[in-house]
Every structure is written in structure tokens, then in C-alpha cells.
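> What follows is a predicted structure for the sequence shown.
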Amino acid sequence: MDYQQILENIYLKIQPYAQVGKQADYIPALANVDPDQFGMCINTVQGEVFMQGNATTRFSIQSISKVFLLAMCLSFEGEELWRRVGKEPSGTAFNSLVQLEVEKGIPRNPFINAGAIVLADVLLKHLKHPKEDFLRFVRNLCGNDSISYNEEVARSEREKSYLNAAIANLLKYHHNIEGEIEEVLHFYFLQCSIEMSCHDLSNAFLAFAHYSPFEYGEIKLTSSQVKRMNAIMQTCGFYDEAGEFSYLVGLPGKSGVGGGIAAIYPQRYSVAVWSPRLNQKGNSVMGIKALELLTTETEDSIF
Ligand code: DON
């Protein structure tokens with residue numbers, strides 16, 4: 001498969017979408033990002049790397065980080081984790097409060113904001129130095145020690161965090177947050193603020209494409225747990241657009257409001273794409289189109 005040629009074809013074919021959508025602005029620091037950027041990177045399980053466009057430019061990975069949170073929480077808690085968070089698609093926006101009230105403080109899944117705020121609380125219980133330990137795990141996964149948080153983005157999000165603060169309060173009311181709300185939100189915003197390039201992200205997600213035991217320092221997952229993480233990415237990785245993404249792309253993946261998307265073809269490749277302009281559901285317009293073209297041009301998806 002000539003992935004480099006495929007990436008070049010994709011780049012040409014997505015140009016008509018270059019001005020569609022706009023970058024997230026509810027996090028003030030993200031509104032300053034140049035929206036006219038596009039990068040893509042594929043890592044095969046054989047160790048090849050293919051890049052296109054701004055593939056080495058760092059951006060705010062935002063919700064993609066929830067995959068790293070889940071990996072750590074599953075490693076620490078195993079099946080116990082599912083007592084506090086579900087594994088069903090929500091069909092609602094990533095920051096929706098509606099189900100959380102009706103379902104008495106148990107978030108539908110770990111990838112909506114409510115679910116990830118619970119995961120942040122779980123990790124605060126297990127990690128001695130949450131800020132350093134989380135970053136070390138992510139650096140290990142992508143093999144790049146220069147990855148870091150953008151504390152300015154985290155602070156900017158905290159300042160306008162009316163909805164996430166409401167979610168955290170509702171969780172606490174239902175006894176699904178053990179720690180202090182302020183500390184949990186602080187850690188949640190911090191881990192969302194990690195900056196990585198498509199190259200870094202694709203490297204990190206390659207770990208979820210291999211179905212051999214996963215071991216990065218103290219974080220260990222069985223191959224069955226890795227498969228199950230992919231199942232959750234498939235059904236819940238794109239909020240109320242998860243069905244559409246499955247239909248168009250046919251790979252498990254996870255998006256973020258920074259405009260990044262990481263996806264996996266199990267036992268074959270990982271791929272990351274980034275372009276800041278988002279659609280109404282908060283997912284990258286060019287990113288989704290590029291991944292749709294990838295599985296169309298290769299005539300291969302998991303289905
Ligand atoms: O909590 C938030 O709203 C952001 N830090 C992350 C949301 C996000 O990335 C949703 N993804 N499409």
C-alpha cells in the first residue's frame with residue numbers, strides 16, 4: 001500500500017473543505033489558533049511513518065486525551081471502573097448535562113466530559129503526583145520527552161468553565177466525585193491542555209493498534225482491555241456523531257475540539273489528523289473528510 005501517495009491524494013481532495021467550519025472559541029486560548037492548517041500522519045505496525053502537511057505542528061489535543069485517561073484508569077481499576085461510568089454511546093453533545101441528571105450522576109461513557117471528569121477523580125486517587133505521572137505516561141506512549149501541558153490553555157478554559165463546573169457539581173451531588181471539585185477540574189483541564197503533533201499522536205495511538213500486552217511503566221493492559229478500549233472509541237469517540245463517523249470512516253477513534261482526530265486500524269496502523277475548523281458537533285471538518293478518504297482510497301476499514 002502506497003500510503004504516501006494516498007496522503008497526497010487526500011490532501012488534494014480535501015481542499016474544497018478548507019474554509020468550512022470554525023475553530024472552537026469557548027476556550028478563549030483556542031480562538032487564537034490559525035484555522036487554516038492541516039496535518040496528517042500514519043504509523044504502520046511494521047514501523048513505517050508517513051506524513052503530510054503540518055504533521056509536526058503541535059496543537060491542543062483536548063478530548064483525545066480522554067483515551068489516555070481511560071487507559072490509566074483501566075490499568076488501575078479494571079472492571080471496577082464501570083461501577084462509576086457507563087460504556088454506552090450518549091447520542092448527546094460532549095458537554096451535555098441532560099442524561100447525567102436523569103441517570104443519577106453515572107455518565108454514559110468515559111469520553112463525554114462528565115465521564116472524563118470522573119476518570120480525572122479516579123486518577124487523583126491512584127497517582128501520587130498526578131500532573132507529573134500523567135505526563136510521563138503520555139510521553140512514554142509517544143516516545144517524546146518534550147511533550148507538555150499548555151498551562152495557559154488550561155487556565156483559559158478554567159476561567160470560562162461554567163458548564164464543566166456544573167457537571168462536576170452534579171457528579172459530586174450524586175457522590176460520583178470523591179475529591180475536591182476544584183482539584184478534579186484543575187487536573188481535568190490540565191490533561192486536556194496537552195499539546196502534541198499528528199506525528200506524536202499517531203505514535204501514541206500505535207500502542208492501541210497492537211494486540212500484544214500493553215506495558216508503559218506501571219500502566220499495564222491486557223490485549224483484551226486494549227480491544228475493549230477500541231470498542232468504546234468506536235461507539236463513543238465522536239459523541240453525537242459517533243454513528244456518522246462509523247458510517248463514513250469505519251475505524252475506532254477519538255476527536256478533540258482542538259481539531260485533532262486519532263484513529264486506529266487494529267493490527268495495521270494508527271493515524272492522526274488535525275485541522276482546527278470544526279463542524280457543529282465539535283469535530284474537525286477536514287479531519288473527518290480526510291479519514292473518510294483514507295478508508296475509501298485504501299478500500300479497507302474494519303467493516
Ligand atoms: O472540557 C472541554 O470542553 C474541553 N476541554 C474538551 C472538549 C472536547 O475536546 C470535545 N471534543 N470534541
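Arrived safely.
> Mind jotting down where the helices sit in the stretch 151-300 of the chain?
151-159, 162-173, 181-192, 198-209, 223-236, 242-248, 285-297 (DSSP state H, counting those that start in this stretch).
> Identify whichever of those lies nearest to residue 54.
helix 198-209 (7.7 Å; C-beta to C-beta). Every residue, glycine included, has its C-beta placed from N, CA and C.
> Let's see that closest one as PDB, backbone CA atoms only.
Taking Å, rounded to 0.1, in the frame of the first residue of the first chain, the C-alpha atoms of helix 198-209 are listed here in PDB:
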ATOM      1  CA  CYS A 198      -0.100  14.500  14.400                       C
ATOM      2  CA  HIS A 199       3.200  12.600  14.400                       C
ATOM      3  CA  ASP A 200       3.200  12.400  18.300                       C
ATOM      4  CA  LEU A 201      -0.400  11.400  18.400                       C
ATOM      5  CA  SER A 202      -0.100   8.700  15.800                       C
ATOM      6  CA  ASN A 203       2.900   7.300  17.600                       C
ATOM      7  CA  ALA A 204       0.900   7.200  20.800                       C
ATOM      8  CA  PHE A 205      -2.100   5.500  19.300                       C
ATOM      9  CA  LEU A 206       0.000   2.800  17.700                       C
ATOM     10  CA  ALA A 207       0.100   1.300  21.200                       C
ATOM     11  CA  PHE A 208      -3.700   0.700  20.800                       C
ATOM     12  CA  ALA A 209      -3.300  -0.900  17.300                       C
END
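> The stretch 151-300 of the chain against the ligand: which residues are in contact?
157, 164, 192, 255, 256, 257, 282, 283 (C-beta under 6 Å from any ligand atom).
> Out of those residues, who's the most crowded?
residue 255 (30 neighbours; other C-beta atoms under 10 Å).
> I'd say that residue and residue 279 touch.
No: counting by C-beta atoms under 8 Å, residue 255 stays clear of residue 279, with 10.1 Å between them.
> possible to save the residues of the stretch 151-300 of the chain next to the ligand as CSV with pLDDT?
Formatted as CSV, those follow (pLDDT from 0 to 100):
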residue, pLDDT
157, 95
164, 97
192, 98
255, 98
256, 98
257, 97
282, 93
283, 95
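> Nearest residue to residue 185 in space, please, no chain neighbours.
What sits nearest to residue 185 in space, not counting adjacent residues and going by C-beta to C-beta, 6 or more residues apart in numbering, is residue 168, at 5.5 Å.
> Surely the one you found touches residue 187?
No: contact criterion C-beta under 8 Å: residue 168 and residue 187 do not qualify, at 11.2 Å.
> And for residue 146, the neighbour number?
7.
> Tell me the gap between stretch 86-102 and the middle of its chain.
17 Å (C-alpha atoms, centre = their mean, to the nearest Å).
> Which parts of it count as buried, going by neighbours?
86, 87, 89, 90, 93, 94, 95, 96, 97, 99, 100 (16 or more other C-beta atoms under 10 Å).
> Pick the one among the residues you listed closest to residue 300.
Nearest to residue 300 among the buried residues of stretch 86-102, with distances taken as C-beta to C-beta, is residue 89, at 24.2 Å.
> related to what we said a few turns ago, just name the most buried of the helices of the stretch 151-300 of the chain.
Scoring those by mean neighbour count under mean count of other C-beta atoms under 10 Å gives helix 198-209 as the most buried, with a mean of 26.
> Run through the residues that contact whichever residue of the stretch 101-250 of the chain sits closest to the ligand.
Closest contact between the stretch 101-250 of the chain and the ligand, by C-beta to the nearest ligand atom, is at residue 192 (3.7 Å). Applying C-beta atoms under 8 Å, 6 or more residues apart in numbering to residue 192 gives the contacts 60, 61, 62, 63, 65, 153, 154, 157, 256.
> and the third one, how many neighbours does it have?
Think residue 62. 25.
> Isn't it up against residue 262?
No: counting by C-beta under 8 Å, residue 62 stays clear of residue 262, with 11.5 Å between them.
> quick one, what contacts residue 93?
Residue 93 neighbours (C-beta under 8 Å, 6+ apart): 239, 240, 281, 282.
> Closest to residue 299 out of the residues you listed?
In terms of C-beta to C-beta, no member of the contacts of residue 93 lies closer to residue 299 than residue 281, at 26.8 Å.
> State the distance from residue 197 to residue 78.
Distance of residue 197 to residue 78, computed by C-beta to C-beta, to the nearest Å: 32 Å.
> which of the two has more neighbours?
residue 197 (24 against 12).
> ok, now which ones touch that one?
Residue 197 neighbours (C-beta under 8 Å, 6+ apart): 39, 41, 55, 56, 57, 58, 59, 274.
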